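Novice: Compute the structure for the input listed below.
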Amino acid sequence: MINKLIMTVLIIVVSIGAFTWPTSTKVEAAAKYKMITTVSANIRTSDNTKAKVIGSYKKGFVKTFTGKTKNNWYKTSYKGKTGYVSGKCLTTYKAKTFSNLNKEAKKYLGAKYKYGARGPKSFDCSGYTGYVYEKSVNKKITAFSKTTI
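Specialist: Alright, predicted model coming up:
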């Protein structure tokens, strides 16, 4: 009788353990994080520094991660494999938004058209585009042509 009781308890404990034993890294569901690497970052098979490295992202690489673990690692897909990058190597990507671009563009509505002009008092089409883009996104568009649309 005691042997049967011990065996039953043992089966229950083993069964519970089989269903609750962690088999993979737990990641927050349905979250997306657009991040930029602050240093060269290794992509690992699990959310710890002892896990195998399967690739890397260079400093300044922008990536949308599909989840975040409780210990601050971000889930990614790399060459068809699931990987993780440490949050210590990432920061939130803060791009200039469309609203910033739109706001800057509206400042120059009504400016005179002049062929070849790049602002701020007069523009041609590509000059207007380049000037507004440079002011709002802080990047210079250097190549223009008569066929630029």
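
Novice: quick one: the strands in this structure?
Specialist: In the chain, the strands defined using DSSP state E lie at 33-37, 41-44, 53-57, 62-65, 67-68, 73-78, 81-86, 90-92, 112-113, 122-123.

Novice: Give me the packing partners of the fourth one, helices and strands only.
Specialist: Which is strand 62-65. With contacts taken as 3 or more Cβ pairs under 8 Å, 6 or more residues apart in numbering; DSSP states H and E, strand 62-65 sits against strand 33-37, strand 73-78. No exception for glycine: its C-beta is placed from N, CA and C like everyone else's.

Novice: Direction included, what does that strand pair up with?
Specialist: strand 33-37 (antiparallel) (DSSP bridges).

Novice: got the angle for the strand it pairs with vs strand 73-78?
Specialist: Inter-element angle recorded for strand 33-37 and strand 73-78: 90 degrees (by axes from the mean of the first three to the mean of the last three Cα atoms, to 10 degrees).

Novice: Just the mean pLDDT for strand 33-37, thanks.
Specialist: What strand 33-37 shows for mean pLDDT is 86.

Novice: oh, and call the first residue 123 from now on, that's how I've got it
Specialist: Fine by me, first position is 123 from now on; the one you just mentioned is strand 155-159.

Novice: so what's residue 255 closest to, chain neighbours aside?
Specialist: In this structure, residue 255 finds its nearest non-sequential neighbour in residue 263, 5.6 Å apart by Cβ to Cβ, 6 or more residues apart in numbering.

Novice: any idea how far the one you found lies from residue 247?
Specialist: Look at residue 263 and residue 247: by Cβ to Cβ, to the nearest Å, they are 12 Å apart.

Novice: Would you quantify the distance from the closest residue to residue 227 other than its chain neighbours to residue 226?
Specialist: Leaving aside its chain neighbours, residue 227 sits nearest to residue 254 (4.7 Å; criterion: Cβ to Cβ, 6+ apart). Residue 254 sits 5 Å away from residue 226, going by Cβ to Cβ.
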